[in-house]
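A.B. asks: Here is my input; please provide its structure:
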Amino acid sequence: MKAAWYEKQGAARDVLIVGEMDDPQPSAGEVRIRIAARRRIWSAVQVVYN
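C.D. replies: Below you'll find the predicted structure:
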């Protein structure tokens, strides 16, 4: 799976790692959830001020 993680503290641009990881396997008493992200198209949002 694609993942982003860090192994030390610091500015994100210096410490963030993006790559592939093995799919996690839950242990007893744990669950695995799937998180999906969608891109928002802000030009389709109309803001009305009263």
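A.B. asks: in a strand, that's where residue 14 is, yeah?
C.D. replies: No: counting by DSSP: H, G, I helix; E, B strand; the rest coil, one finds residue 14 to be helix, located in no strand.
A.B. asks: residues contacting it?
C.D. replies: Residues near residue 14 by CB atoms under 8 Å, 6 or more residues apart in numbering: none. For glycine as for every other residue, the C-beta is placed from the backbone atoms N, C-alpha and C.
A.B. asks: low pLDDT regions in this protein?
C.D. replies: Within the chain, the segments meeting pLDDT under 70 span 40-50.
A.B. asks: Kindly recompute the last result at 80.
C.D. replies: Scanning the chain for pLDDT under 80 picks out 35-50.
A.B. asks: would you list every one of the strands in it?
C.D. replies: Counting by DSSP state E, the chain has strands at residues 2-6, 16-20.
A.B. asks: of all those strands, which lies closest to residue 29?
C.D. replies: strand 2-6 (22.9 Å; CB to CB).
A.B. asks: Name the residues of the closest one that are buried.
C.D. replies: Within strand 2-6, no residue qualifies as buried by neighbour count (16 or more other CB atoms under 10 Å).
A.B. asks: For that strand, which strands pair with it and how are they oriented?
C.D. replies: Neighbouring strands of strand 2-6 in its sheet, by DSSP bridges, are strand 16-20 (antiparallel).
A.B. asks: out of the strands of the chain, which comes closest to residue 39?
C.D. replies: That would be strand 2-6 among the strands of the chain, by CB to CB, at 15.3 Å.
A.B. asks: just how off-centre is that closest one within its chain?
C.D. replies: 8 Å (CA atoms, centre = their mean, to the nearest Å).
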